[in-house]
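Here is my input; please provide its structure:
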Amino acid sequence: MEHGIYYAYWEREWDGDYKRYIRKAAELGFDILEIAAGPLPTYTEKELAELRNCAKENGIRLTVGYGPAPENDIASADPGVREHALEFYKDLFWRMEKIDADLIGGAIYSCWPIDYSKPIDKKGDWERGVEGIARLGKVGLDHGIETIGMEVLNRFENHVLNTAEEGAEFVKAVRQMEPAAVNVKVMLDTFHMNIEEQSIGGAIRTAGKLLGHFHTGECNRMVPGKGRVPWREIHDALKEIGYEGAVVMEPFVIPGGTVGKDIRIWRNIVADTSEDALDRDAKEALHFQRYMLDR
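Numbers count the residues shown, from 1 in each chain. So this is what the prediction gives:
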């Protein structure tokens, strides 16, 4: 397995100096740095090349995460929004190709976080999402995107895919509509599974060979090893299905800014949020995660 971390662990905004975090990830011993898709459309070709070269020089693989803005909702009831979203993803996949990133995960089938003050149409969102993702799968292949992960989220953040069973059904529906879209896969996250699933190991087995990306984090949003997530159960299930893909930790422990607001972090989750302490926790968590999942 390759082990990574999401840059926003250290940030309060959905942006940052990705080159700095590439170097930090390498120094801490990670294989992967996951970055946010949102800022990439503002990058020049020169900046994209610099990002790619920095990752290559530091031996870091880049992956991309995205919580789609409402205007990029591929399942919107508004046909104009759906077309806008398609064009956004076409441009994003081109940019991902420029930085040698072949994996993106998140609520790509919808938007995030959902505004529950408005009416919810799960059936319609599901059907439009399947159609839109089937189109995106083919677009992604043209740019070498090997994995478009449909992240299964808890009920408080999205309503379309809340369980591994729903994730697998959605991916199967996409592939039935567009058989070429083999890059559309299930993405699971231990934080969300802890809320929704009866059995975390069972959820992983339900995703099975459709699992294409895996996020880790504790039930309290801390780094792996500082909560009560059943890591040995996760190890056994991942081994049983033969998963050898990316395992990216996505802890959030700092309140404030857009990240804190969107993730609902209202207090310091850890006592010491200095950069040195965060680095130390991340390095220890990487050692713990490798020990628990690679053995």
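
hey, let's count contacts and neighbours off CA atoms from now on
Fine.

residue ranges for the strands of the stretch 101-250 of the chain, please.
Counting by DSSP state E, counting those that start in this stretch, one finds strands in the stretch 101-250 of the chain at the ranges 103-106, 147-151, 184-189, 211-216, 246-249.

What distance do you get for the closest residue in space to residue 36 that isn't next to it in sequence to residue 86?
Once flanking residues are discounted, residue 36 sits nearest to residue 65: 5.0 Å by C-alpha to C-alpha, 6 or more residues apart in numbering. Distance, residue 65 to residue 86, by C-alpha to C-alpha, to the nearest Å: 17 Å.

repeat for residue 168
23 Å.

Have a look at the two and say which one is more surrounded.
More crowded of residue 168 and residue 86, by other C-alpha atoms under 10 Å: residue 168, with 24 against 20.

Contacts only, for that one.
Applying C-alpha atoms under 8 Å, 6 or more residues apart in numbering to residue 168 gives the contacts 186, 206-207, 210.

Pick the one among those closest to residue 131.
residue 186 (16.2 Å; C-alpha to C-alpha).

What number of residues are in the vicinity of the closest one?
Neighbours of residue 186 (other C-alpha under 10 Å): 31.

residues contacting it?
Shown in contact with residue 186 (C-alpha under 8 Å, 6+ apart): 149-152, 164, 167-168, 171, 207, 210-213.

Most neighbours of all those residues, which one?
Highest count within the contacts of residue 186 by other C-alpha under 10 Å belongs to residue 151, 30 neighbours.

Quickly list what that residue is bridged to.
Here residue 151 sits in beta bridges with residue 187, going by DSSP bridges.

State the pLDDT value of it.
The score at residue 151 is 98. That number is its pLDDT.

got the contact list for the closest residue to residue 184 other than its chain neighbours?
Nearest residue to residue 184, sequence neighbours excluded (C-alpha to C-alpha, 6+ apart): residue 148, at 4.8 Å. Going by C-alpha under 8 Å, 6+ apart, residue 148 touches 103-105, 108, 137, 140, 183-185, 212.

Pretty sure the residue nearest to residue 36 sits in a helix.
No: Residue 65: not assigned to a helix; according to DSSP: H, G, I helix; E, B strand; the rest coil it is strand.

what separates it from residue 103, distance-wise?
Applying C-alpha to C-alpha to residue 65 and residue 103 gives a distance of 8 Å.

The two: which is more packed in?
The residue with more neighbours, out of residue 65 and residue 103, is residue 103; 25 against 20, by other C-alpha under 10 Å.

Is it correct that that one is in contact with residue 150?
No: under the criterion of C-alpha atoms under 8 Å, residue 103 is not in contact with residue 150, lying 11.2 Å apart.

circling back: which two in the contacts of residue 168 are spaced the farthest apart?
So, those by C-alpha to C-alpha: farthest apart are 186 and 206, at 10.2 Å.

Now the common contact residues for these two.
With C-alpha under 8 Å, 6+ apart as the test, residue 186 and residue 206 both reach 164, 168.

Give the burial count for residue 279, as a bare number.
When neighbours are counted by other C-alpha under 10 Å, residue 279 registers 18.

residues in contact with it?
Residues in contact with residue 279, defined by C-alpha under 8 Å, 6+ apart, are residue 28.

quick one: which helix or strand includes it?
Assessed by DSSP states H and E, residue 279 sits inside helix 275-294.

quick one: average confidence on that helix?
Averaged over helix 275-294, pLDDT sits at 98.

Start and end of stretch 176-194, how far apart?
This stretch, stretch 176-194, spans 30 Å end to end (C-alpha to C-alpha).

what about the residue nearest to residue 272 when sequence neighbours are not counted, distance to residue 28?
In space, and not counting its chain neighbours, residue 272 is closest to residue 278: 7.7 Å by C-alpha to C-alpha, 6+ apart. Computed as C-alpha to C-alpha, the residue 278 to residue 28 distance reads 11 Å.

who's in contact with the nearest residue to residue 288 once chain neighbours are set aside?
Distance criterion C-alpha to C-alpha, 6+ apart; nearest residue to residue 288, sequence neighbours excluded, is residue 225 at 6.5 Å. By C-alpha under 8 Å, 6+ apart, the contact list for residue 225 reads 218, 285, 288-289.

What's the local residue count around residue 55?
The tally of other residues near residue 55 (other C-alpha under 10 Å) stands at 24.

Next, the contact list for it, please.
19, 22-23, 61-62.

so can I have JSON lines of these showing pLDDT?
Output for the contacts of residue 55, formatted as JSON lines (pLDDT from 0 to 100):
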{"residue": "19", "pLDDT": "98"}
{"residue": "22", "pLDDT": "98"}
{"residue": "23", "pLDDT": "98"}
{"residue": "61", "pLDDT": "98"}
{"residue": "62", "pLDDT": "98"}
